[in-house]
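Enquirer: Curious how this folds, go ahead:
(one chain, ligands or ions: 1)
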Amino acid sequence: MKLSFHGAAKMVTGSCHLLDTGHHKILFECGIFQGPKEVEALNFEPFPFDPGSIEYVFLSHAHLDHCGRLPKLVKQGFHGKIICTRATRDLTRLILLDAAKLQKEQADDASFDTEAAMEQAKEGKLFGETDVFHTIGLMETYNYGDSVKLSDNLEFRLRDAGHILGSAIIEVWAKNNTGRERKIVFSGDLGHRGQRIVKDPDMVSEADYVIVESTYGNRYHKSRDETVLEFLGIMSAAEETKGNVCIPTFAVERAQEIIYELNLFHRNNLLSNMSVYLDSPMAIEATEIFKKYTDMYDEDAARLIEGGDDPFEFPGFHYSNTTEESKSLNNKTGITILAGSGMATGGRILPHFMHNLPRKNSHVVFVGFQVEGTLGRDIIDGAQEVRIHGKKFNVEATVHTLGGFSAHADQRDIRYWLRGFGTMPQRVFMIHGDSDICDGFAQNIAHELKQDTYVPKMHEEVELI
Ligand code: ZN
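Expert: Have a look, this model is predicted:
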């Protein structure tokens, strides 16, 4: 039985791992590479395996770095089944269609010297809308906890990863050519314990081999309660001075987690009547998907629903869908605006920044990690003046960063989850983390939990004995 790593190996994106059991070839995910140009160029390299020979893809969740190369896989001959939860299917559809639209817009907007260059750019597009529909058509959905036999030699079960709605840990039982069975557990992205809408990650107690993410293997997040208090403080200050609050936010999970807290502030009369606008068609669609799958919510959220409170509907909460609705917010004061993109690299948050950054009584709240080189990062690093669409704007607004809304497990969470296996796994593979973080975390775990850890290199193949 062989396992090989074709992405997210000593890096955080492009998750794609091939398990060849001797009877079946299966992939754990097929995600996109994101980041600097040389990393994104990897998306255009041919797969080091024949896509047509893969029978099953297990998809842990809808984030692009886990699902973004699926349409390419399908385009190049994959015709097997993509296994995931219902919520992952719906969110993946939303996220892949948005990515296809963005690629089309970029190709349409680009100027080319020659027709040949234009053709090449079109060819260079990773996938289009039609490829997304073909991909979604191959998806088969399963519930958490159901044991499913795909053949006499292959069985699987999805468990809740508690990262974003629908996210799954994948347990696979596979027999090799001699009939010997091995259990492989793939963590996907693990959630941060204490998130409000999704449950905490399921603990798994047995495995021969574990493949675990280590994105934040070197970091501790602030607690959610502390973060919520800080958030309430910001909202109250803004309310007092009738200032606006602008929150750049990712469309899936982060936006809903923030709305969830704002609903609780309202419900508990902690804020008087500040209007909140979700100014992002994609986040609005994602919220509608969240409303469909209340059966996946954790206890607190489920209790709210049972008590008749919809966390995504409260007085003063509005969807802002059209461009006109978005523009009309420019004239309002004393409101909260949630808009993408999460790192202020584009999208509707930019015009709101143009209006609000120069206002002394406005607040800008960052709720997610800001990558170096983004406008969001410049602002949290203390830039006094920024450029948006070529124009200069002074930063007079108060800038805040809230660390506890992360949907990712931190060092403590991953260690806690790995502890569930005891010393049983023959080997724990550390993936989905920057090279030095994976290496350091692997050493820590080997030392503390006495587990045999290994950090695979890109395209490395290992034998599972
Ligand atoms: Zn993720």
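Enquirer: Now E385. Its backbone dihedrals?
Expert: When read as degrees, to the nearest 10, the backbone of E385 gives phi -140, psi 140.
Enquirer: mind checking pLDDT for it?
Expert: On the pLDDT scale, E385 is placed at 96.
Enquirer: How confident was the prediction at the spatially closest residue to Y216 that is not a sequence neighbour?
Expert: Once flanking residues are discounted, Y216 sits nearest to D410: 4.7 Å by CB to CB, 6 or more residues apart in numbering. C-beta here means a position set from N, CA and C on the backbone, and glycine is covered the same way. D410 is assigned 94 on the pLDDT scale.
Enquirer: try K327
Expert: Reading off the model, K327 has pLDDT 96.
Enquirer: secondary structure class for it?
Expert: helix (DSSP: H, G, I helix; E, B strand; the rest coil).
Enquirer: tell me the contacts of it?
Expert: Neighbouring residues of K327 by CB atoms under 8 Å, 6 or more residues apart in numbering: P351.
Enquirer: sorry, back to before: look up how far F441 lies from the residue nearest to Y216.
Expert: Per CB to CB, to the nearest Å, D410 is found 11 Å from F441.
Enquirer: repeat for L270
Expert: 38 Å.
Enquirer: These two - which one has more neighbours?
Expert: Legend: neighbour count by other CB atoms under 10 Å for L270 and F441, higher for F441 (23 against 13).
Enquirer: where does the more buried one land on pLDDT?
Expert: F441 is given a pLDDT of 94.
Enquirer: In the sheet, which residues pair with E385? Tell me.
Expert: Beta-bridge pairing of E385 under DSSP bridges involves N394.
Enquirer: Wait, it touches E396, no?
Expert: No - using CB atoms under 8 Å, E385 makes no contact with E396, being 10.2 Å away.
Enquirer: For G368, which residues are in contact?
Expert: G368 neighbours (CB under 8 Å, 6+ apart): P248, T249, F250, R254, G342, M343, F405, S406.
Enquirer: Please produce a PyMOL select command covering the buried subset of the residues you listed.
Expert: PyMOL command restricting the contacts of G368 to the buried ones, with burial defined by 16 or more other CB atoms under 10 Å:
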select buried, resi 248+249+250+254+342+343+405+406
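Enquirer: Make CSV out of the contacts of G368 and add pLDDT.
Expert: Formatted as CSV, the contacts of G368 follow (pLDDT from 0 to 100):
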residue, pLDDT
P248, 96
T249, 92
F250, 90
R254, 93
G342, 89
M343, 89
F405, 90
S406, 88
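Enquirer: Tabulate the contacts of G368 in CSV, adding columns for distance to the ion and secondary structure.
Expert: Shown next, in CSV, are those (distance: CB to the ion, whole Å; DSSP: H, G, I helix; E, B strand; the rest coil):
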residue, distance to the ion, secondary structure
P248, 18, strand
T249, 15, coil
F250, 10, coil
R254, 11, helix
G342, 13, coil
M343, 15, coil
F405, 14, coil
S406, 11, coil
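Enquirer: ok, residues contacting the longest helix belonging to the chain?
Expert: Identified as the longest helix of the chain according to DSSP state H is helix 86-109. Counting contacts by CB under 8 Å, 6+ apart, the residues outside helix 86-109 that touch it are 32, 59-64, 67-68, 70-71, 84, 121-122, 125-129, 131-132, 135-136, 139, 141, 164-168, 252, 282, 285-286, 289, 292-293, 296.
Enquirer: Can you tell me which of these are buried?
Expert: Buried among the contacts of helix 86-109 (16+ other CB under 10 Å): 32, 59-64, 67-68, 70-71, 84, 126-128, 131-132, 135-136, 139, 164-168, 252, 282, 285-286, 289, 293, 296.
Enquirer: pLDDT weak spots in the chain?
Expert: 110-124 (pLDDT under 70).
Enquirer: which residue is nearest the centroid of it?
Expert: By CA atoms, centre = their mean, the chain has its centre lying nearest to H63, at 4.0 Å.
Enquirer: ok, P425 touching I211?
Expert: No - counting by CB under 8 Å, P425 stays clear of I211, with 10.0 Å between them.
Enquirer: And the residue of the stretch 101-250 of the chain that's closest to the ion?
Expert: The ion sits closest to D189 of the stretch 101-250 of the chain, with a gap of 3.7 Å, by CB to the ion.
Enquirer: in a helix, that's where that residue is, yeah?
Expert: No - looking at D189 with three-state DSSP, it is coil, so not inside a helix.
Enquirer: Over to it: give its phi and psi.
Expert: Torsion angles, degrees, to the nearest 10, at D189: phi -90, psi 130.
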